[in-house]
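Participant: Sharing a model prediction with you, sequence too.
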Amino acid sequence: MNEKEQIEKSIIKKYRKEIWRPFVKAINEYELIKENDKIAVCISGGKDSFLMAKCFQELKKHGKIKFDLKFIVMNPGYNEKNGNLITTNAEKMGIPIHVFKTEIFDVVAGLTEGNPCYLCARMRRGHLYNTAKELGCNKIALGHHFDDVIETILLSMFYSGEIKTMMPKLHSDNYENMELIRPMYLVKERDIKSWVKYNNLEFLNCACRFTESCNIDESASKRLAMKRLIEKLREDNPYIEKNIFKSVANINLSQIIGYHKEDYEYNFLDDYE
């Protein structure tokens, strides 16, 4: 058995409960794939997106729904070492990638104010949508996982004063007939890390900022702070992650002060007697 076959087997066999089943469950539960979809699987170079790509290949091989895949990689200005790591991993894992270049890092590096990570993410998303559309795709798939979802819930509460999260899928506002899907929605990051270690793989460490020399202090990251908070809470409650996740799917509208949806706003006093 070669390395590619071992990697594929590990997803279906050894990590069936931790990775394969949650991946398939998200596909089915949130209706992420329909017959004859053409999906642009966006590979950033990190562990999450590469695993997502392999899961998609296995789903296409073993699943019942007919769909097509394009594996797209945007090079926003990686140095040679990082760029080579992505192509080497793609070859090792048997993923036929379509690479396109942008100048995003150069643009972001020239910023004197504002949030470079935010701008980088927005520019990446736009280029991914454009490339997916050029390739005839109707969906793009991103590798956000379960931990990203629950961290986003806490970030929204603590720093934005609202309850919201990453959605498993959403329609694009700017690209007609394009949809974003997140098939890794129910896969936990610790299981992804375990899979990486088991297969002795090495990926880029970061998908949303410079992966070489970077002046951003990761210890100051609000998302990292949420990770640490959840780890602390887990010491007292092993179900904390599950409960945070369920909280946005089990909202009791009779026990909240207000909510809004698009232009509609509701306050509990509207029908209080």
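Facilitator: Cool, got the structure.

Participant: Buried residues of the worst-scoring helix or strand of the chain on mean pLDDT, list them for me.
Facilitator: When each helix and strand of the chain is scored by mean pLDDT, DSSP states H and E, helix 104-109 comes last, with a mean of 74. Neighbour-count burial for helix 104-109, counted by 16 or more other Cβ atoms under 10 Å, picks out 104-105, 108. In this view, the C-beta of every residue, glycine as well, is placed from N, C-alpha and C.

Participant: same check, this time on stretch 66-86
Facilitator: Buried, per 16+ other Cβ under 10 Å, within stretch 66-86: 67, 69-78, 82-83, 85-86.

Participant: got it, and stretch 153-163?
Facilitator: For stretch 153-163, using 16+ other Cβ under 10 Å, the buried residues are 153-156.

Participant: Could you dump those residues into CSV and include pLDDT and distance to residue 48?
Facilitator: CSV is the format used below for these (pLDDT from 0 to 100; distance: Cβ to Cβ, whole Å):
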residue, pLDDT, distance to residue 48
153, 97, 18
154, 96, 19
155, 95, 18
156, 95, 21
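
Participant: what about the closest residue to residue 251 other than its chain neighbours, which SS state?
Facilitator: Excluding its sequence neighbours, the residue lying closest to residue 251 (Cβ to Cβ, 6 or more residues apart in numbering) is residue 163, at 7.7 Å. When classified by DSSP: H, G, I helix; E, B strand; the rest coil, residue 163 comes out as coil.

Participant: my guess is residue 163 contacts residue 248, does it?
Facilitator: Yes. With contact defined as Cβ atoms under 8 Å, residue 163 counts as touching residue 248 (6.6 Å).

Participant: between those two, what contacts are shared?
Facilitator: Shared contacts of residue 163 and residue 248 (Cβ atoms under 8 Å, 6 or more residues apart in numbering): residue 153.

Participant: I'd guessed residue 133 sits against residue 175; true?
Facilitator: Yes. Contact criterion Cβ under 8 Å: residue 133 and residue 175 qualify, at 6.2 Å.

Participant: who's in contact with the residue most central in space within the chain?
Facilitator: Geometric centre of the chain, nearest residue: residue 144, 1.6 Å, by Cα atoms, centre = their mean. Applying Cβ under 8 Å, 6+ apart, we find residue 144 in contact with 48, 166, 182, 184-185.

Participant: out of the residues you listed, who has the most neighbours?
Facilitator: Neighbour count (other Cβ atoms under 10 Å) singles out residue 184 as the most crowded of the contacts of residue 144, with 27 neighbours.

Participant: partners of the longest strand along the chain in the sheet?
Facilitator: If you go by DSSP state E, the chain has its longest strand at strand 68-75. Its sheet considered, strand 68-75 pairs with strand 38-42 (parallel), strand 97-101 (parallel) by DSSP bridges.
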